[in-house]
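[1] Take a look and give me a structure for this.
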Amino acid sequence: MIKESLGNTDLLKLSKTAFLCSRQVPASVVLKCYDWAIEQREKGNCVISGFHSQIEKDVLHYLLKGKQPIIVALARGLKEKLEPEFEKPLEQGRLLIITPFDKSVKRVSSQNAQTRNQLMTNLADKITIGYASPGGQLEELLKGIEKPINKIV
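    Next up, the predicted model:
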């Protein structure tokens, strides 16, 4: 359940692909994730992600260069001050920032990240996994999902 949001809530009505990736990724995965991000940007596809791990942040970097819609799901409450790179996409109505937490939640924890990831997978129509560490939380999360899952690797 979304507790707070900032931006264009109409983006929730679009077909969305959730992008998730473990924090530790093999080098062979990195360029494939970048290529995927560029492809989504060029196709104008709406991507929802926490953009928290380094590879997810890199994917966000590529997506922000486009004009397609982006949904950022936080594993904490909304921040008081926005990242400067979010200002223009927000003004353009192509960015939505959502969180299942209220402003009192200031830090990201493993449990918060799981709650956020469940929110994203519930909202998404399909899911793309950059890389899931064997035996990790992401692999566990994917076990109960009945939606199309595309693994980059």
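
[2] all strands for the chain, in order.
    In the chain, the strands defined using DSSP state E lie at 4-7, 16-20, 46-49, 70-73, 95-99, 126-129, 149-151.

[3] any chance of those in TSV, plus mean pLDDT, mean neighbour count and distance to residue 112?
    All C-beta spots, glycine's among them, are computed from the backbone N, C-alpha and C. Converted to TSV, the strands of the chain look like this (pLDDT from 0 to 100; neighbours: other Cβ atoms under 10 Å; distance: least, Cβ to Cβ, whole Å):
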stretch	mean pLDDT	mean neighbour count	distance to residue 112
strand 4-7	97	18	14
strand 16-20	98	23	15
strand 46-49	98	25	15
strand 70-73	98	25	11
strand 95-99	98	23	9
strand 126-129	97	20	19
strand 149-151	95	12	23
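
[4] and of the ones you listed, who's closest to residue 119?
    Comparison of the strands of the chain against residue 119 by Cβ to Cβ identifies strand 70-73 as nearest, at 6.0 Å.

[5] what does that closest one contact?
    Residues outside strand 70-73 that contact it (Cβ atoms under 8 Å, 6 or more residues apart in numbering) are 11-12, 16, 46-51, 60, 63-64, 86, 89, 94-100, 116, 119-120, 123.
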